[in-house]
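**Q** Show me how the following folds:
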Amino acid sequence: MSKPVALSPADRLRLETVIGHEFAQKERLDRALTHSSARSGKAGNYERLEFLGDRVLGLCIAELLFRTFANAGEGELSVRLNQLVSAETCAEVADEMELHRFIRTGADVKKLTGKRMLNVRADVVESLIAALYLDGGLETARGFILRFWEKRATRADAARRDAKTELQEWAHAKFAVTPQYRVEDRSGPDHDPRFTVTVEIPGVTPETGVERSKRAAEQVAAMRLLEREGVWQAAPAEK
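**A** Alright, predicted model coming up:
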């Protein structure tokens, strides 16, 4: 069986301190951090751990939300759950931990801090959760998840749905029309483009969003219109 790429003793100590758990089986942590491009072989990378970690994360977050929001309905709980287990949130946790310093990859995925590698960082977080579950049990995995997700679970914007979906339902209910999106501009190099998108609803002042993809810019435009019209409360600025 292929083995994962091992961490150095210094890196292992540094990361275990951040995680808050000393691994009894060190190879589990190594495997959770090894991407398939590291030439460790299929059995030596994190893909199987990712599968398990996704389920453990979902269970622990569902339990956290069920306990925290006693009056929330199934719909609100589902919205919160989907956001908290998303690739974007998992990648945020990876960045908070600076996991990119420890991930073992091949030369083709060395630039781990960019948006293009967001899924890799998210996958490693899920793999790490699985490694913690296997090494220390559910309580160990739950403790890690609560440490990095509990504050995120109670943020003002944590129960928001997809902005485009919310805007479409609002526009249908209030004006019986569908929002229209138009690309106003595309700038920047191919590896780092910027799309400017305007959303229009008859009888409503348009809003504009700028992001690295057309879809993301549409989401920003929809979010801004929802906030301006009072459908959504503006999320507080990060301190």
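
**Q** Run through who's touching the worst-scoring helix or strand of the chain on mean pLDDT.
**A** Least confident helix or strand, the chain: helix 74-84 with a mean of 81, by mean pLDDT, DSSP states H and E. For helix 74-84, contacts defined as C-beta atoms under 8 Å, 6 or more residues apart in numbering pick out 58, 61-62, 65-66, 69, 72, 89, 149, 152-153, 158-161. For the C-beta atoms, the positions are set from N, CA and C on the backbone; glycine is no exception.

**Q** Just the endpoints, please. Distance across stretch 186-194?
**A** Using C-alpha to C-alpha, to the nearest Å, the end-to-end distance of stretch 186-194 comes to 6 Å.

**Q** for that stretch, what is the average pLDDT?
**A** The pLDDT scores in stretch 186-194 average 85.

**Q** where are the low-confidence patches of this structure?
**A** 1-2, 39-43, 75, 107-116, 156-159, 233-239 (pLDDT under 70).

**Q** Do a quick rundown of the helices in it.
**A** 9-19, 26-32, 47-68, 74-84, 87-97, 118-136, 138-153, 163-175, 214-228 (DSSP state H).

**Q** For Ser187, find the nearest of those helices.
**A** helix 214-228 (11.6 Å; C-beta to C-beta).

**Q** what packs against that closest one?
**A** Judged by 3 or more C-beta pairs under 8 Å, 6 or more residues apart in numbering; DSSP states H and E, the packing partners of helix 214-228 are helix 163-175, strand 180-187, strand 194-201, strand 204-211.

**Q** Show the end-to-end separation of stretch 16-26, please.
**A** End to end - C-alpha to C-alpha - stretch 16-26 spans 10 Å.

**Q** From Arg121, how far out is the nearest residue to Arg142 once chain neighbours are set aside?
**A** Residue nearest to Arg142 in three dimensions, not counting chain neighbours: Cys60, with 5.0 Å by C-beta to C-beta, 6 or more residues apart in numbering. For Cys60, the distance to Arg121 (C-beta to C-beta, to the nearest Å) stands at 19 Å.

**Q** can you name the farthest residue from the center of the protein?
**A** Distance from the C-alpha centroid of the chain, by C-alpha atoms, centre = their mean, peaks at Gly203 (35.4 Å).

**Q** on that earlier part again, mind putting the helices and strands packed on helix 214-228 into a markdown table with mean neighbour count and distance to Glu98?
**A** Formatted as a markdown table, these follow (neighbours: other C-beta atoms under 10 Å; distance: least, C-beta to C-beta, whole Å):
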| stretch | mean neighbour count | distance to Glu98 |
| --- | --- | --- |
| helix 163-175 | 16 | 30 |
| strand 180-187 | 13 | 31 |
| strand 194-201 | 20 | 27 |
| strand 204-211 | 17 | 25 |
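
**Q** would you list those in TSV and tack on distance to Asp54?
**A** Converted to TSV, the helices and strands packed on helix 214-228 look like this (distance: least, C-beta to C-beta, whole Å):
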stretch	distance to Asp54
helix 163-175	23
strand 180-187	31
strand 194-201	30
strand 204-211	26
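
**Q** Ile129 is nearest to which of these?
**A** Closest to Ile129 of the helices and strands packed on helix 214-228 is helix 163-175 (C-beta to C-beta; 28.1 Å).

**Q** Distance from the chain centre to the closest one, please.
**A** Relative to its chain's centre, helix 163-175 lies at 25 Å (C-alpha atoms, centre = their mean, to the nearest Å).

**Q** Next: stretch 149-156.
**A** From the chain centre to the centre of stretch 149-156 is a distance of 13 Å (C-alpha atoms, centre = their mean).

**Q** buried set for that stretch?
**A** Neighbour-count burial for stretch 149-156, with 16 or more other C-beta atoms under 10 Å as criterion, is recorded at 149, 152-153.
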